[in-house]
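> the sequence isn't on hand, but the structure is:
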């Protein structure tokens, strides 16, 4: 089942002055359960592509369909709801809420979804367990290592039971040990629960673990390798 | 969790929150202090003027206002002096024969108003004996005693038992002069009385102006309380055809004092609240700008604009909810302190305060409703202060905000 389908997608910055094509006529589809890495040199358009898939950035041309739903014509409010219900985000800088504990950070998105307290509790406990940070549940981000913070960020992304997880350079700030541990967790989730992950990365360790590697150069897909 | 998050957000920058909370608390305290101080000052001016000068109600002959003097005396004065026994709201009554004249001492002479009174009646209405600072109340001098204010005594360079000459016109416009001896020197709380009123006994003035019967051209009535003012006036009007006026009608400055006081208090409140408003806007704006990236993340993961708005407003609301009661309590305790410790002594400014009829000791006066009103005003101010930063927060574009370093 197709989770994402991009058709002739382009992103043009400064269209009225000096147009810059960050993404140029990209078409691709991502099936459920894929573990995909979008790779390429800095400035090739990886993050822009991810942002358009996530509804954070508007496309200039083409279309973006997520789960069969076209998102380009959605209002801001509809997009907010859509992101909350269907997309999990993992950011390079973790972006956790510093005043909340690990558990509260995970539960926050479920609060936004108006989930009942019992379900929320069970879900956050389960995710903390699977991320191997159950004993860190009451710690605030500042009391956690980078790897632990990123695990909380992944748990938060999964808490809303999204259709897929978009991870923008998730290992860029992690040491190799933390990177491997995080990749193990995400690979396990992918294999056991068929959760779809799409990364933008230039980290070779992530690329090595990916089942599909899409290479971008100057906003154009130059290779799409299924492993 | 939004509530919990808002509360936790307040304590991210403890110092900043403490500063803004202190500003709110100090602002509230200062309003309470100033309003109490102002109420006390204005209250004293009104009270002194009312109790020691005008009294609640006065009765004059219809023609007296156009020609104040001896021509328009009220007939049958005993009927009016019986009002306290007939109208229960009246505490005391005093008749006065007021005439313009001159007082002369060996050193100088001054234009004055002569108040010819029944000493006992006047004492019951204006509490005149309590203001004596030298001599006594008409009893130490048997023939033609006179009471002078301290100010007049100083100008005339006379003391108790000194002789002064009073010159007035009689009913036929003849100049009459009589020697009087200073029985007492007083210092009234009314600047008007201090500046130019002397008191004689009514029978002494009658002799001086060759009047066979004792009559008065002014009757002052002290009521048991101010609440029954209008009702009592109506009752009195039914019993006499003379002109009955309340102190508000006699001296419009009472209304001016009250209105001026209310305006001053509002201006003080508005100034302090404006200062707080900008302080709150500044603080919350800083808080929002510091959290730009985080707010972008919240928008990205699906937090609606209205919830972001609510979160910022709640933070401000909580700041005011914590700090305003502290200010209110501090204001309340300050007032209690002054009440229990003999008031705030401003004796060093007594001269200036007396010019306006105020007291040198201030006892804070504030209505309980002011505390509730202030709490409401602070909350409203805080909420207004939250609007601009909250709008700034909701207008952040998630992507641009996340990218912000």
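Received the coordinates, thanks. None of the values given here were measured: they were computed from a predicted structure. Residues are numbered from 1 along each chain as shown, chains lettered A, B, ... in the order given.
> stretch B:231-243 - what's its average pLDDT?
The average pLDDT within stretch B:231-243 is 93.
> what residues of it count as buried?
The neighbour-count check on stretch B:231-243 (16 or more other Cβ atoms under 10 Å in any protein chain shown) flags B:232-233, B:235-236, B:242-243 as buried. C-beta: built from backbone N, CA, C; applies to glycine.
> filter these down to the ones in strands?
Mapping those onto strands (DSSP state E) picks out residue B:243.
> and the residue of chain A closest to chain B?
Nearest residue of chain A to chain B, counting by Cβ to the nearest Cβ: residue A:84, 2.3 Å away.
> what's the closest non-adjacent residue to the closest residue to chain A within chain B?
Among the residues of chain B, residue B:302 lies closest to chain A, at 2.3 Å counting by Cβ to the nearest Cβ. Among residues not flanking residue B:302 along the chain, residue A:84 sits closest, at 2.3 Å (Cβ to Cβ, 6 or more residues apart in numbering or on different chains).
> and the one you found, which of the three is it?
helix (DSSP: H, G, I helix; E, B strand; the rest coil).
> contacting residues for it?
Residues near residue A:84 by Cβ atoms under 8 Å, 6 or more residues apart in numbering or on different chains: A:109, A:112-113, A:160, B:301-303.
> before we move on, the earlier item: was I right to think the residue of chain B closest to chain A contacts residue A:89?
No. Contact criterion Cβ atoms under 8 Å: residue B:302 and residue A:89 do not qualify, at 9.2 Å.
> which other residues reach stretch B:264-280?
B:20, B:23-24, B:27, B:30-31, B:34-35, B:38, B:316, B:319-320, B:374, B:377-378, B:381-382, B:384-386.
> need the buried ones from these selected in PyMOL.
In PyMOL, a selection of the buried entries from these looks like this (16+ other Cβ under 10 Å):
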select buried, chain B and resi 20+23+24+27+30+31+34+35+38+316+319+320+374+377+378+381+382+385+386
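> and the contacts of stretch B:264-280, which of them are in helices?
B:20, B:23-24, B:27, B:30-31, B:34-35, B:38, B:316, B:319-320, B:374, B:377-378, B:381-382, B:384-386 (DSSP state H).
> low-scoring stretches of the stretch 251-400 of chain B, by residue?
B:357 (pLDDT under 70).
> what about residue B:296, how many neighbours?
Residue B:296: 23 surrounding residues under other Cβ atoms under 10 Å in any protein chain shown.
> quickly find the element holding the residue nearest to the spatial centre of chain A.
Taking Cα atoms, centre = their mean, the centroid of chain A lies closest to residue A:166, which sits 1.3 Å from it. Under the criterion of DSSP states H and E, residue A:166 resides in strand A:164-168.
> repeat for residue B:125
helix B:119-126.
> and the helix or strand following the strand holding residue A:166, which residues are buried?
Later in the chain than strand A:164-168, the nearest helix or strand by DSSP H and E is helix A:176-193. Using 16+ other Cβ under 10 Å as the test for burial, helix A:176-193 gives A:178-179, A:181-183, A:185-186, A:189-190.
> domain map for chain B?
Per automatic domain parsing, the structural domains of chain B span B:2-50+B:255-403, B:62-241.
> rewinding a little: which residues do residue B:302 and residue A:89 both contact?
Common neighbours of residue B:302 and residue A:89 (criterion: Cβ under 8 Å, 6+ apart): residue A:83.
> and whichever helix or strand residue B:370 is part of, which residues are buried?
If you go by DSSP H and E, residue B:370 is part of helix B:368-394. Of all the residues in helix B:368-394, those buried under the rule 16+ other Cβ under 10 Å are B:370-371, B:374-375, B:377-378, B:381-382, B:385-386, B:388-390, B:392-394.
> wait, what's in contact with residue 99?
All of this is about chain A. Counting by Cβ under 8 Å, 6+ apart, the residues that residue A:99 touches are A:140, B:5, B:8-9, B:11-12.
> um, chain B though
Contacts of residue B:99 (Cβ under 8 Å, 6+ apart): B:69-70, B:113-114, B:116, B:168-169, B:205, B:209.
> any of the residues you listed buried? List them.
B:69-70, B:113-114, B:116, B:168, B:205, B:209.
> of those residues, which pair is most distant in space?
The distance between the two most remote of the buried ones among the contacts of residue B:99 (Cβ to Cβ) is 14.7 Å, for B:113 and B:209.
> which helix or strand lies directly C-terminal to the helix holding residue B:370?
By DSSP H and E, the next helix or strand past helix B:368-394 is helix B:398-403.
> please compute how far that next one lies from its chain's middle.
Helix B:398-403 has its C-alpha centroid displaced from the chain centroid by 58 Å (Cα atoms, centre = their mean, to the nearest Å).
> same deal with stretch A:68-80?
17 Å.
> buried stuff in it?
Buried-residue list, stretch A:68-80, by 16+ other Cβ under 10 Å: A:71, A:74, A:79-80.
> chain B next: which of the residues you listed are close?
residue A:80 (Cβ under 8 Å from any Cβ of the partner chain).
> out of the buried residues of stretch A:68-80, which sit inside strands?
Reading strands off the buried residues of stretch A:68-80, I find no matches (DSSP E).
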